[in-house]
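Visitor: give me a 3D structure for the following:
(one chain, ligands or ions: 2)
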Amino acid sequence: MSERITITRPDDWHLHVRDGDFLKAVLPDTVKRFARAIIMPNLKPPVISVAQAKAYYDRIMASLPAGASFTPLMTLYLTENSRVEEMELAKQSGFVQAVKYYPAGATTNSDSGVRQWGSVEAVLEAMEQLGLPLLVHGEVTDPHVDVFDRERVFIEEELIPLVLKYPKLKVVLEHITTASAVKFVLTAGSNVAATVTAHHLLLNRNALFQGGIRPHHYCLPVLKRETHRQALLEAVISGNPKFFLGTDSAPHAQNVKENACGCAGIYTAHAAIELYAEAFESVGALDKLEGFASFYGADFYGLARNKDQITIEKQQVKVPLTLPYGSQSLVPMRSGEYLIWSLVA
Ligand code: NCD
Ligand code: ZN
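Guide: Ligands and ions are numbered 1, 2, ... in the order given. So this is what the prediction gives:
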């Protein structure tokens, strides 16, 4: 029999599931693997109020495959017009778990994001008091800053001052990509954590230019050089609970990725835990997968750990070239190539 491992069912602490027919197309991939996921609010228009988050929650629940059990953990999109009262409502709601900060213009659907931290001071103070985590897309948007340096510069110029100003605010630096981010998280207090994607653990920036330009490897923050990938791997296999799983699976239709100005985002939900297993195994650390995937995120958010389990086995499976995406199709990570691990149904 092929090698198998069984772990407590994991959660995805950073996920894009979009809406409507796109939501219906991608949600089953996540539900097969994960018990819960932090749902990103960057819809068009963004999810800024608790009422909008409830409506989105209901649409997700209505899109679940029959018999599935899954809990979407909702987030609000922080804007310069966000109000303290909305944060209080969010905390009371029981279904909104966090608030997402996008620097205006940093990534897909981030136009309504924040330009000046000064305009959200009262809201951040309220979140700090309420224990409502701030999820940070950590990149500066200054076009003069090299795209490969935007995370490091954000940490130096914005995040370090922010955590000093709000020392009790729970902060998750999302989808970290650099040694600078690892160092920042390790140095900060226990109120500061980070999510790490499978693609940033498996790929370095060469993957963007492998024999030609590869739009399906383009995401934000963009892939970095090998030394940074190594730093991320070291962090996730250290067993430090400040680092936990967040796929940032970000589906886009094939035609908007294969485009003169292609969208940022890599779709990994179809093979998320399998891809993480591959990354952990590559450095002989499969025994560290369960803490990272199934325990530390729940602990950070103050939620109960899951009770049931999933099993994966060492079995090569070919990833389809494309997957259905509403009336369109999307190109998943490893399209037309092999995964080493597969989920046991
Ligand atoms: C995300 C998306 O497509 O919504 N894209 C991405 O490259 N990660 C947005 C984001 O998380 O930055
Ligand atoms: Zn994201």
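Visitor: what sits against Ile237?
Guide: 280, 283, 285, 288 (Cβ atoms under 8 Å, 6 or more residues apart in numbering). Backbone N, C-alpha and C define where each C-beta goes, glycine included.
Visitor: from ligand 1, how far out is it?
Guide: Ile237 sits 23 Å away from ligand 1, taking Cβ to the nearest ligand atom, to the nearest Å as the criterion.
Visitor: next: Ala35.
Guide: 22 Å.
Visitor: ok, that residue - how many residues close by?
Guide: A count of nearby residues for Ala35, using other Cβ atoms under 10 Å, gives 21.
Visitor: picking that back up, filter the contacts of Ile237 to the buried ones?
Guide: 280, 285, 288 (16 or more other Cβ atoms under 10 Å).
Visitor: would you say Asp29 is within a helix?
Guide: Yes - using DSSP: H, G, I helix; E, B strand; the rest coil, the secondary structure at Asp29 is a helix.
Visitor: gap between it and Ala260?
Guide: Separation of Asp29 from Ala260 (Cβ to Cβ, to the nearest Å): 29 Å.
Visitor: with neighbour numbers in mind, choose between those two.
Guide: Asp29 (20 against 4).
Visitor: ok, the nearest residue to the more buried one once chain neighbours are set aside - contacts?
Guide: Among residues not flanking Asp29 along the chain, Ala269 sits closest, at 4.0 Å (Cβ to Cβ, 6 or more residues apart in numbering). Contact analysis of Ala269 by Cβ under 8 Å, 6+ apart lists 12, 15, 26, 29-30, 33, 247, 249, 251.
Visitor: let's see that with 7 Å instead.
Guide: Ala269 makes contacts with 26, 29-30, 247, 249, as judged by Cβ atoms under 7 Å, 6 or more residues apart in numbering.
Visitor: dump these to CSV, plus distance to ligand 1.
Guide: Below are these laid out as CSV (distance: Cβ to the nearest ligand atom, whole Å):
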residue, distance to ligand 1
Val26, 12
Asp29, 16
Thr30, 15
Thr247, 10
Ser249, 9
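Visitor: can you pick the most crowded of these?
Guide: Thr247 (31 neighbours).
Visitor: for Leu135, give its distance to Ile7.
Guide: Taken as Cβ to Cβ, the span from Leu135 to Ile7 is 24 Å.
Visitor: ok, the two, which is more surrounded?
Guide: Neighbours were counted for Leu135 and for Ile7 using other Cβ under 10 Å; Leu135 has more, 27 against 20.
Visitor: about what we covered before: biggest separation within the contacts of Ile237, which pair?
Guide: Taking Cβ to Cβ, the two most distant members of the contacts of Ile237 are Val283 and Lys288; they sit 9.1 Å apart.
Visitor: buried stuff in stretch 162-180?
Guide: For stretch 162-180, by 16+ other Cβ under 10 Å, it's 162-163, 166, 169-180.
Visitor: I'd like the average pLDDT over it.
Guide: For stretch 162-180, mean pLDDT is 98.
Visitor: what comes up buried for the longest strand seen in the chain?
Guide: Criterion DSSP state E: the longest strand present in the chain is strand 309-318. Burial within strand 309-318, assessed by neighbour count using 16+ other Cβ under 10 Å, is assigned to 310, 312-313, 315.
Visitor: quick one: distance of it to the chain centre.
Guide: Its chain's C-alpha centre and that of strand 309-318 lie 22 Å apart, by Cα atoms, centre = their mean, to the nearest Å.
Visitor: packing partners for that strand?
Guide: Applying 3 or more Cβ pairs under 7 Å, 6 or more residues apart in numbering; DSSP states H and E, we find strand 309-318 packed against strand 4-8, helix 272-282, strand 338-343.
Visitor: how about a cut-off of 6 Å?
Guide: Applying 3 or more Cβ pairs under 6 Å, 6 or more residues apart in numbering; DSSP states H and E, one finds that strand 309-318 contacts strand 4-8, strand 338-343.
Visitor: which of those sits most buried?
Guide: Among the helices and strands packed on strand 309-318, ranked by average contacts under mean count of other Cβ atoms under 10 Å, first place goes to strand 338-343 (a mean of 17).
Visitor: partner strands of it, with direction?
Guide: According to DSSP bridges, strand 338-343 forms sheet pairs with strand 309-318 (antiparallel).
Visitor: contacting residues around the one helix or strand Met127 maps to?
Guide: Assigned by DSSP states H and E, Met127 belongs to helix 121-130. Contact with helix 121-130 is made by 82, 84, 87, 91, 134, 166, 168-169, as judged by Cβ atoms under 6 Å, 6 or more residues apart in numbering.
Visitor: which of the residues you listed lies closest to Ile38?
Guide: Nearest to Ile38 among the contacts of helix 121-130, with distances taken as Cβ to Cβ, is Leu134, at 12.5 Å.
Visitor: which non-adjacent residue is nearest the closest one?
Guide: Nearest residue to Leu134, sequence neighbours excluded (Cβ to Cβ, 6+ apart): Val171, at 5.2 Å.
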